[in-house]
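Engineer: generate a structure from the sequence data that follows.
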Amino acid sequence: MSDLAAALSRILGAKGWLSGHDTKPYTRDWLNRYGVEPLGVARPADTGEVAEVVRTCGKAGVAVVPQGGNTGLCGAAVAGSPNAVIVSLSRMTAIGKPEADSGSILVEAGAVLATLHEVLEPHGLIFPMHLGAEGSTRIGGLIGTNAGGSHALRYGMMQDLVLGLEVVLPDGAVWNGLRAVQKDNAGYQLRKLFCGAEGTLGIVTRAVLKLHPAPRQRATALLALPDHAAAVAYGTLLRREAGEFLSGLEFFADLGVELVLKHLPDLAFPLDSPGAVYLLVELTSGSPRVRLDDVLTFALEQGMEQGLVTDGALAMSDAQRAHFWRLREEQPEGQRLEGEQLKHDISVPPGKLAEFIAAAERICTSLLPGVRINPFGHLGDGNIHYNLTPPEGATGFGGKAGEIGRALAVLATDMGGSFAAEHGLGRAKITLAEQHRSPIERDLMARLKAALDPSGIMNPGVLLYGHRQRITFE
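Structural biologist: This is a model prediction of the structure:
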């Protein structure tokens, strides 16, 4: 493949083509479970170079693997075969001027989410996507995985925040759908087709994103509750009382707090009494005339009167609010620092969240007595990050990891939920998709893939098994 490397080097220049040892930072996924050394890493500087790279790889019969910040948890952004080129969007980071009148902004796919937040702040606008990895995750990856984050309850998932896209297709053609309008019913909603496609249908190079006015006030509370059933009931009460002001409704458990406080000594427990479950509640408003503190205080009093809330604290400053949020957002880090872990990204109808957690605990403890269970996530949309740590003193999961994952997928599916809530399928969950999605649904996906990528060069081995594509890798 020396001819291909030479051709890509000519297209991209010295800064744009990496090979050998220089590819190491790009070759493994965040959990270090997937990825082999590719032929090289292409780092195009603009859409034209992306198109040239895709065309050149297609002629050579070499797979193309799009990569953003490589913060995904399912192995979708790394190569599954050495006969592949990773296309990193890390040099395409331009962020345009926000259009306040239209509520939109044009960004390149390599822009980092936290940087976008910083750019928007002086303009009184926000892009309401927030997640733990926002300091490194890139816009293209968020689109490719249809990310959700902690404010999806109010603002929706990534597909709800994308107005238009520019995409390099598998044949190197460029689709320009950069329209900054919410209503565009001139046929199929093509922009949504690429949200959640994980780079299997093309490479997103630019996007028009939907913006919102920045909140002019917030009211934030950290609450302790006796169990998950109380959390679900109180979530219903909050939606009724706080309505359109409710922007964050996150839950976590006592084990998660224990691990965070153990491994992150700069954090402290802010409540007088512990609980089995904690809720982080945030109300926001663009108007300073709405008395959010009164709304939240009234809801808190109701929760205590009904026995749903046992303790709570209102954030009295921005620093205290940030502290509350860190207790939730550092849950993955606390568990990572504890050692080996199993991650499951699951969603169920919000009203069934407590039922799922109780049933899942029975399943996991029967398969592996003493396993430590840390469920946390987004109460408002039923998304549970159901993470496991080995029993005290154990170094692993006793060969039960696969059985546990399959059992949880069955449980979520039977409850009308999903075993892939916001992290996608990647390489990790294809078997689960084959088992728990109907043949018609899987065939529709395969037919879409075959129609847009008949040569099968775009991210083979992700979302669909290789045998459904023309190019396969053993």
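
Engineer: for Met157, see how far away the residue nearest in space to the middle of the chain is.
Structural biologist: For the chain, the residue sitting closest to the mean C-alpha position, by Cα atoms, centre = their mean, is Ala147 at 3.8 Å. Ala147 sits 7 Å away from Met157, taking Cβ to Cβ, to the nearest Å as the criterion. Every C-beta, even on glycine, is put in place using the N, C-alpha and C of the backbone.

Engineer: anything in contact with each of those two?
Structural biologist: Taking Cβ atoms under 8 Å, 6 or more residues apart in numbering as the criterion, Ala147 and Met157 both touch Glu422.

Engineer: what about Leu388, neighbour count?
Structural biologist: Using other Cβ atoms under 10 Å, Leu388 has 25 other residues around it.

Engineer: kindly apply the preceding question to Asp311 instead.
Structural biologist: Asp311: 16 neighbours (other Cβ under 10 Å).

Engineer: I'd say it and Pro270 touch.
Structural biologist: No: using Cβ atoms under 8 Å, Asp311 is not in contact with Pro270, being 10.0 Å away.

Engineer: relative to Gly456, how far out is His344?
Structural biologist: His344 sits 29 Å away from Gly456, going by Cβ to Cβ.

Engineer: kindly apply the preceding question to Ala197 instead.
Structural biologist: Ala197 is 14 Å from Gly456, by Cβ to Cβ.

Engineer: again with Ile384
Structural biologist: According to Cβ to Cβ, Ile384 stands 34 Å off from Gly456.

Engineer: show me which of those two is the more surrounded one.
Structural biologist: Counted by other Cβ under 10 Å, Ile384 and Gly456 do not tie: Ile384 has more neighbours, with 25 against 22.

Engineer: partners of that one in the sheet?
Structural biologist: Beta-bridge partners for Ile384, by DSSP bridges, are Ile346, Gly377.

Engineer: adjust the sequence numbering to begin at 36 for everything that follows.
Structural biologist: Sure, I'll start numbering at 36, so the last one becomes Ile419.

Engineer: mind checking pLDDT for it?
Structural biologist: Here the pLDDT value assigned to Ile419 is 96.

Engineer: surely it and Ile381 touch.
Structural biologist: Yes: if you go by Cβ under 8 Å, Ile419 and Ile381 touch, sitting 4.9 Å apart.

Engineer: okay, and the common contacts of the two?
Structural biologist: Common contacts of Ile419 and Ile381, defined by Cβ under 8 Å, 6+ apart, comprise Phe391, Ala456.

Engineer: low-confidence regions, the stretch 336-485 of the chain specifically.
Structural biologist: Within the stretch 336-485 of the chain, no stretch has pLDDT under 70.

Engineer: please enumerate the strands of it.
Structural biologist: Counting by DSSP state E, counting those that start in this stretch, the segments of the stretch 336-485 of the chain that form strands are 346-349, 380-382, 407-413, 418-424.

Engineer: ok, the first one: who's next to it in the sheet?
Structural biologist: Think strand 346-349. strand 252-260 (antiparallel).

Engineer: would you mind giving the domain segments of this protein?
Structural biologist: 37-123, 139-248, 252-367, 374-480 (automatic domain parsing).

Engineer: how many residues are close by the nearest residue to Leu331 once chain neighbours are set aside?
Structural biologist: In space, and not counting its chain neighbours, Leu331 is closest to Ala254: 4.3 Å by Cβ to Cβ, 6 or more residues apart in numbering. Using other Cβ under 10 Å, Ala254 has 23 neighbouring residues.

Engineer: I'd say Ala254 and Val330 touch.
Structural biologist: Yes: look at Ala254 against Val330 with Cβ under 8 Å: they come within range, at 7.1 Å.

Engineer: what touches both of the two?
Structural biologist: Leu318.

Engineer: ranges for the strands of the stretch 36-185 of the chain?
Structural biologist: 52-53, 75-77, 98-102, 119-123, 139-143, 160-161.

Engineer: how about those strands, which one is nearest Glu87?
Structural biologist: strand 75-77 (9.5 Å; Cβ to Cβ).

Engineer: for that closest one, packing partners?
Structural biologist: helix 37-47, strand 52-53, strand 119-123 (3 or more Cβ pairs under 8 Å, 6 or more residues apart in numbering; DSSP states H and E).

Engineer: can you show me the CA trace of the longest one as PDB?
Structural biologist: Presented in PDB, the C-alpha positions along helix 37-47 are these (Å, rounded to 0.1, in the frame of the first residue of the first chain):
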ATOM      1  CA  SER A  37       3.000   2.300  -0.400                       C
ATOM      2  CA  ASP A  38       1.300   3.900  -3.500                       C
ATOM      3  CA  LEU A  39      -1.800   4.800  -1.500                       C
ATOM      4  CA  ALA A  40       0.300   6.300   1.300                       C
ATOM      5  CA  ALA A  41       2.300   8.300  -1.200                       C
ATOM      6  CA  ALA A  42      -1.000   9.600  -2.800                       C
ATOM      7  CA  LEU A  43      -2.500  10.500   0.500                       C
ATOM      8  CA  SER A  44       0.700  12.300   1.600                       C
ATOM      9  CA  ARG A  45       0.600  14.300  -1.600                       C
ATOM     10  CA  ILE A  46      -3.000  15.300  -1.000                       C
ATOM     11  CA  LEU A  47      -2.600  16.200   2.700                       C
END
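
Engineer: for Gly278, the count of nearby residues, please.
Structural biologist: Counted with other Cβ under 10 Å, Gly278 comes out at 10.

Engineer: which residue packs closest to Leu290, ignoring adjacent ones?
Structural biologist: Closest to Leu290 by Cβ to Cβ, 6+ apart is Asn409, at 4.7 Å.

Engineer: SS state for Trp210?
Structural biologist: strand (DSSP: H, G, I helix; E, B strand; the rest coil).

Engineer: shouldn't it be in contact with Arg226?
Structural biologist: No: counting by Cβ under 8 Å, Trp210 stays clear of Arg226, with 9.5 Å between them.

Engineer: neighbour-wise, which of these two wins?
Structural biologist: For Trp210 versus Arg226, the count of surrounding residues by other Cβ under 10 Å is larger for Arg226: 23 against 15.

Engineer: could I get the contacting residues of that one?
Structural biologist: Applying Cβ under 8 Å, 6+ apart, the residues near Arg226 are Gln194, Val197, Leu198, Gly199, Leu200, Gly212.

Engineer: ok, so of those, who is nearest Leu372?
Structural biologist: Of the contacts of Arg226, the one sitting nearest to Leu372 (Cβ to Cβ) turns out to be Gln194, at 33.1 Å.

Engineer: next SSE downstream of the host helix or strand of that closest one?
Structural biologist: Assigned by DSSP states H and E, Gln194 falls within helix 193-196. For helix 193-196, the following helix or strand on the C-terminal side (DSSP H and E) is strand 197-203.

Engineer: go ahead and confirm Ile439 touches Leu403.
Structural biologist: Yes: the criterion here is Cβ under 8 Å, and Ile439 meets it with Leu403 at 7.0 Å.
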